[in-house]
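> Compute the structure for the input listed below.
(chains A, B, C and D)
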Protein chains: 2
Amino acid sequence: MAANSQFSMAVHVLSMLARSKDENLKSDYLAGSVNTNAVVVRRLLGLLGHAKLVVSQTGANGGTRLARCPNEIDLWEIYQAVNCGEVFALHAKAPNQDCPVGKNIEAVLCCLQKDIDKGIQEKLSKYTLQSVFEMVAQGAAVA
Amino acid sequence: MAANSQFSMAVHVLSMLARSKDENLKSDYLAGSVNTNAVVVRRLLGLLGHAKLVVSQTGANGGTRLARCPNEIDLWEIYQAVNCGEVFALHAKAPNQDCPVGKNIEAVLCCLQKDIDKGIQEKLSKYTLQSVFEMVAQGAAVA
DNA sequence: CTATTTGTAGCTAATACAGTTACAAACACT
DNA sequence: AGTGTTTGTAACTGTATTAGCTACAAATAG
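Residues are numbered from 1 along each chain as shown, chains lettered A, B, ... in the order given. Below is the predicted model of the structure:
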């Protein structure tokens, strides 16, 4: 249970919100679709709210809805909102600075991280939440 | 200590091997540069050996050397050799199959995973071990 | 005022990785 | 043959991260 499935859950939850546009959905209801606990969903919605992707209301008749139209939200924004780490981690402990390789490898790896991130951005920014939701809806029609 | 730094360590170790081409380097020596334990290095070298990137010899005067020239090894091969997981994980538990979104979201996410992987491949296959080692060596010359 | 809902703190369990010790197997050298 | 070196690997520990859960204060509608 250690792999990060927050992006998957985020896309799932946001697809639900896109389907029920301008309607407040409750964390309990969303948790039922994701098949998890309502608190886990609320924690995720906290991140998404912080990124200005959703708006939540407390109290009776409260819940969460999209802050923008689904075609104005791309997956790169979602990825950034929930993703805390890089694709690969740098050395846990700094390498031996007395070794010519150890001294410079981290800077090179850091550049690589940024280049990979840019690659992911290029891929993900091509998808809007709208397009993803349509793929999901289409699958539902077929199956 | 839970983030995966195996790719970083692999690039580091392979750069060391590229620097001492056709010479057997010992896990203990490599561990000294990476600043970790020799067994950790040997475990990594096991993966790299399985991927036919390095060749190891047991016994006295044993050690590990590159199986190919540094300009015939690209970073995508290294990434594949050590990377066990995807950039993001799918749902830990399967979503609610009675929900139209839950029923189809996993297939869509799976396609996304593959697309991202392709993006990473495009980026990483542009770098050879040779080019990375040259960047490291250049940094050493400057600093 | 009451019922509902979010936000969040605090805990437990599962998982993954790094680090370590220990030792068998392979090998070179004499 | 015998000795010393090195890899390969199993087994264990410590630590970090995530998911899942309970509990409760704060906010809100009616």
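> Next, whatever residue of chain A ends up closest to DNA strand D: phi, psi?
DNA strand D sits closest to A:Gly59 of chain A, with a gap of 2.4 Å, by C-beta to the nearest atom of the strand. In short, each C-beta sits where N, CA and C put it, glycine included. Main-chain dihedrals, A:Gly59, degrees, to the nearest 10: phi 80, psi 180.
> could you check the distance from it over to chain B?
Counting by C-beta to the nearest C-beta, to the nearest Å, the gap from A:Gly59 to chain B is 26 Å.
> How about A:Ala89?
Distance from A:Ala89 to chain B, by C-beta to the nearest C-beta: 4 Å.
> Could you check the pLDDT of that residue?
pLDDT, A:Ala89: 90.
> What is the burial count for the residue of chain A closest to DNA strand D?
Residues lying near A:Gly59 (other C-beta atoms under 10 Å in any protein chain shown) number 6.
> Ok, A:Lys103 next?
Neighbour count of A:Lys103, defined by other C-beta under 10 Å: 18.
> Ok, A:Leu124 next?
21.
> thought it was touching A:Asp74?
Yes. Between A:Leu124 and A:Asp74 there is a contact under C-beta atoms under 8 Å: 6.8 Å.
> Check whether the helix or strand harbouring A:Met9 comes near DNA strand D.
Per DSSP states H and E, A:Met9 falls inside helix A:6-19. Yes. Judged by C-beta under 7 Å from any atom of the strand, helix A:6-19 and DNA strand D are in contact via A:Gln6, A:Met9.
> and that helix, what does it pack onto?
helix A:27-34, helix A:38-50, strand A:63-66, helix A:75-82, helix A:129-142, helix B:100-124 (3 or more C-beta pairs under 8 Å, 6 or more residues apart in numbering or on different chains; DSSP states H and E).
> can you rerun that using 10 Å?
Packing contacts for helix A:6-19, counted by 3 or more C-beta pairs under 10 Å, 6 or more residues apart in numbering or on different chains; DSSP states H and E, involve helix A:27-34, helix A:38-50, strand A:54-57, strand A:63-66, helix A:75-82, helix A:129-142, helix B:100-124.
> got the CA coordinates for it in CSV?
The C-alpha trace of helix A:6-19 is given here as CSV (Å, rounded to 0.1, in the frame of the first residue of the first chain):
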residue,chain,number,x,y,z
GLN,A,6,-3.4,9.9,-5.7
PHE,A,7,-3.2,10.9,-9.3
SER,A,8,-5.5,8.0,-10.3
MET,A,9,-7.9,8.9,-7.6
ALA,A,10,-7.8,12.6,-8.5
VAL,A,11,-8.7,11.9,-12.2
HIS,A,12,-11.4,9.6,-11.0
VAL,A,13,-12.9,12.1,-8.6
LEU,A,14,-12.6,15.0,-11.0
SER,A,15,-14.3,12.9,-13.7
MET,A,16,-17.2,12.4,-11.3
LEU,A,17,-17.4,16.1,-10.6
ALA,A,18,-17.3,16.8,-14.4
ARG,A,19,-20.2,14.4,-14.9
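> so how far is B:Glu122 from A:Leu124?
Separation of A:Leu124 from B:Glu122 (C-beta to C-beta, to the nearest Å): 14 Å.
> Actually, A:Gln97.
Taking C-beta to C-beta, one finds A:Gln97 at 33 Å from B:Glu122.
> Point out the residues in chain A that sit beside DNA strand C.
Counting by C-beta under 7 Å from any atom of the strand, chain A sits next to DNA strand C at A:1-3, A:25-28, A:38-39, A:42-43, A:45-46, A:49, A:56-64, A:92-93.
> Go again with 6 Å.
A:1-2, A:26-28, A:39, A:42-43, A:45-46, A:49, A:56, A:58-60, A:62-64, A:92-93 (C-beta under 6 Å from any atom of the strand).
> just to revisit the earlier point, now tabulate the helices and strands packed on helix A:6-19 in JSON lines and tack on distance to B:Met9.
Shown next, in JSON lines, are the helices and strands packed on helix A:6-19 (distance: least, C-beta to C-beta, whole Å):
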{"stretch": "helix A:27-34", "distance to B:Met9": "35"}
{"stretch": "helix A:38-50", "distance to B:Met9": "30"}
{"stretch": "strand A:54-57", "distance to B:Met9": "39"}
{"stretch": "strand A:63-66", "distance to B:Met9": "41"}
{"stretch": "helix A:75-82", "distance to B:Met9": "25"}
{"stretch": "helix A:129-142", "distance to B:Met9": "35"}
{"stretch": "helix B:100-124", "distance to B:Met9": "16"}
